[in-house]
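[1] The sequence isn't on hand, but the structure is:
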């Protein structure tokens, strides 16, 4: 029984690399390319983790995260923020809004995978399942 | 009983004491140790020379005859000192700056240093003041006679009227000696007379003291205090007058107040003590309250004396001598002697100061101008003129007193003291319009002042002097009774049918009306000479104008030797030497290398000479040796129009500050622009960084996957390598675009400009886009027709623009039957052509349209993002079109499609394309 990870990222190639990496780690990966579709996708897929890019069309990462943290049934969803390197203000803002961790682009695959694993281990899952990374 | 010997001895001792006081003060002043003379109290007491024997004896008489009217004589000066002290201050300031020697000098200096005007003022003053001096002689003589002949209480003292038995003669002679000793010791008129001032101040104390003593005697000696005084007075008919005012009091009250106010400024002796003897302007501040207080005390003392005189003395007693008769009648000889000394003080102080002032005026304005015209005095090396001046001044003193005595002797005792004084007051009041107008009205001219003075003076003589003389049965009796040539309408005492007016009011109204009207009217109708213009500006603007600037208007030069000789002759060798030494011009050198003194020094010397002989004579003297004294009206206007200059200057300032404000606004705008550009740059960099990071992230990630230990299948490997290639190309494209844009914006791009067919360029671009269109199933149409469109352009750049527009039209068209086409529109301007690239796509969101041509304008919120562009395409395209002298705009956009318009200047039009 794998864990489900939702990726919100509008750059197709970055999304492709993330999907490949996380699938290979044994996770079930779903994705959205538009910020406005995130809430719907969470309800649909009940992910264990959300990887959220800051720069998304329609609804940006900040607004999406704010909405998640303000909505009762998804409030505790672990969120890994994807921010651009050098945009420290963006990173801090995401953390303030309730992101659990962040990864800067360009990222190291190993680092990304490790952070995902740590988040999934540390975070209580809704169905009570505990998955080793 | 007092004998004439006792009275003589006391008077002699008193006057001797006064002289000693003056002498010591002068000596101290020379050594610089007479500081008390600069005290405001001494100054104020010296102003009390205003209170003459007219006050001492006459005020009591006036109170007994006309009630409270005598108060007006004190009211006028009080009003001036309290309310108009700024006017006195201005007189003082001007007089010091101009080294004024008398009121005649003042008026003459103001109106262009006119010798004629100063002579006229001197004459009027002499004629006006002579009766006044006569009045003092009369008072002293009458009081002396009263004292030694106590049985004689009748007015018009019966005595031997032969010349040498007239007490007045001896009084006049004594005073002449006294004044000569006092007043002409020092030649320089503008240098103050500390000795005289101290004596006058002392006499003022004596006056007040003795009048106060008599008043106390009246209250406590003759009555049992104030209550008793008024109780006993109640039954007396004459006293009632004291509680009220004489008939027709209103015009007279106003006239007398006005007269006394004028007198405190215009009487030569008051001008002397108030203005010329002033040490500093602070003295005026004290005098402004202390002098009114002095006069208030005098007015108070008058009342008990007048009441007692009316109640205790026989009806026949002369009210003018109540002051003496009260103690005499009661047998208090020594008190009467004190009263006599008080009256003597009042008389001598007036005579001394008036004679000094008048003698300065006569010698400076009547005699000196004549002497300086005589060949004897005009030649060079004629010796020390200052000695001549001294003689002239002494002779003048004798002449003045002789004149006063003659008037007194000839007119006898016809008029009471007060009315003689009032006639004098009206005479000197004629100076008022020229004086006040001179310091407040720049347009007052010499002609105006002269005609005003002449007119006023003539009417004064006609309406006051003539009836006064006629009334005394001495002359003009027919004229006074019937009018000139029998014309009753012009009778002196009832001019123009003004029957029944009070004589003083009558005389004052007509003389002042004529004076003021003529002064104003003639001044308006005549023009000032340049020198007048100069002087009027100096006088009116004394508090604001720098003297130096004004003197620069008088561009003249004189040799040091000439100037020194002149100074020596007029001022005496010692003073002349001092003046030249002060200026570092040590004269007398035969070596001839003395520097030529500048106009400022010439002006300085002229002022010094003016302090001895008056402004008019000084000017004519200096003019004789000065060269090049041309006062052009232009120069004067230039110098004097400081006000205009000030206005110009302030306008300039205003303009400058407006400019500054504009500059500041520009700077603010520029700053805002910079800030905005800075933000744009930050924004741009942030966008560039993001656009670079995105492919970099993919490349890094996939490289790491490929380099990893885990084995990938070949399809995956190919896919990932392909992505890396794609993203590397994207990076390259992005860098190219950024560099392109940078070159375009900085104008460093090289342009290959030639005449090309724009339609052909479009067709080539369409060919390039065919493949993409086919891939996206977009129908690409050429609707331009067969026209050729010659333009001057860089074909490659232009093609780049069309490719960019076409690729956008193809790639972002998400409709079911996507199409893009190119057409030609008629441009409004015949020199331009417009090519339109249209599509039937979903259109550009209204919120994105405004920033469409901005760098990285691609909206984050739309699905218009694409993987192969950085959002610089439209920005670059537009920049290219602008550089080609055309434009690129979004002509329209809706959900039915978008239309981009490319405008170009036709090559067959005259204006060439602009390319940098």
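    Thanks, I have it. For clarity, every value in this text was computed on a predicted model and none was experimentally measured.
[2] and the closest residue to chain A within the stretch 301-450 of chain B, what does it touch?
    Scanning the stretch 301-450 of chain B for the residue nearest chain A gives residue B:442, at 73.3 Å (criterion: CB to the nearest CB). Every C-beta, even on glycine, is put in place using the N, C-alpha and C of the backbone. Contacts were defined as CB atoms under 8 Å, 6 or more residues apart in numbering or on different chains; by that measure residue B:442 touches B:536, B:537, B:540.
[3] any low-confidence regions in the stretch 351-500 of chain B?
    Scanning the stretch 351-500 of chain B for pLDDT under 70 picks out the ranges B:375-384, B:411-420, B:469-500.
[4] In this model residue B:253 seems to touch residue B:72, though I could be wrong.
    Yes - when contacts are counted by CB atoms under 8 Å, residue B:72 is listed as touching residue B:253 (5.8 Å).
[5] who has more neighbours, those two?
    residue B:72 (22 against 18; other CB atoms under 10 Å in any protein chain shown).
[6] Contacts only, for the more buried one.
    So, once contact is read as CB under 8 Å, 6+ apart, residue B:72 ends up touching B:253, B:256, B:257, B:260.
[7] And the one helix or strand it maps to, what's buried?
    Element membership for residue B:72 (DSSP states H and E) is helix B:72-83. When neighbours are counted by 16 or more other CB atoms under 10 Å in any protein chain shown, the buried residues of helix B:72-83 are found to be B:72, B:73, B:74, B:75, B:76, B:77, B:78, B:79, B:80, B:81.
[8] Using a markdown table, lay out the contacts of residue B:72 together with distance to residue B:367, secondary structure and pLDDT.
    As requested, those are arranged in a markdown table below (distance: CB to CB, whole Å; DSSP: H, G, I helix; E, B strand; the rest coil; pLDDT from 0 to 100):
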| residue | distance to residue B:367 | secondary structure | pLDDT |
| --- | --- | --- | --- |
| B:253 | 41 | helix | 80 |
| B:256 | 35 | helix | 83 |
| B:257 | 37 | helix | 86 |
| B:260 | 31 | helix | 86 |
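[9] so which of those comes closest to residue A:62?
    Nearest to residue A:62, judged by CB to CB, of the contacts of residue B:72 is residue B:257 at 91.2 Å.
[10] The closest one and residue B:79 touch, don't they?
    Yes - contact between residue B:257 and residue B:79 holds when scored by CB under 8 Å: they sit 7.2 Å apart.
[11] What parts of chain A come near chain B?
    Residues of chain A that fall close to chain B, judged by CB under 8 Å from any CB of the partner chain: A:10-14, A:16-18, A:20-21, A:24, A:34, A:55-58, A:60, A:84-87, A:105-110.
[12] From those, which land in strands?
    Judged by DSSP state E, the residues of chain A next to chain B include A:84, A:105 as members of strands.
[13] ChimeraX command for the buried members of the residues of chain A next to chain B?
    In ChimeraX, a selection of the buried entries from the residues of chain A next to chain B looks like this (16+ other CB under 10 Å):
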select /A:10,11,13,14,16,17,18,20,21,34,55,56,57,58,60,84,87,105,106,107,109
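[14] Determine which residue lies closest to the centroid of chain A.
    Compute the mean C-alpha point of chain A, and by CA atoms, centre = their mean the closest residue is residue A:51, 1.4 Å away.
[15] Residues contacting the helix or strand containing it, please?
    Secondary structure from DSSP H and E places residue A:51 in strand A:49-53. Residues outside strand A:49-53 that contact it (CB under 8 Å, 6+ apart) are A:3-11, A:14, A:18, A:38, A:42, A:61, A:64-65, A:68, A:77-82, A:94, A:99, A:116, A:119-120, A:123.
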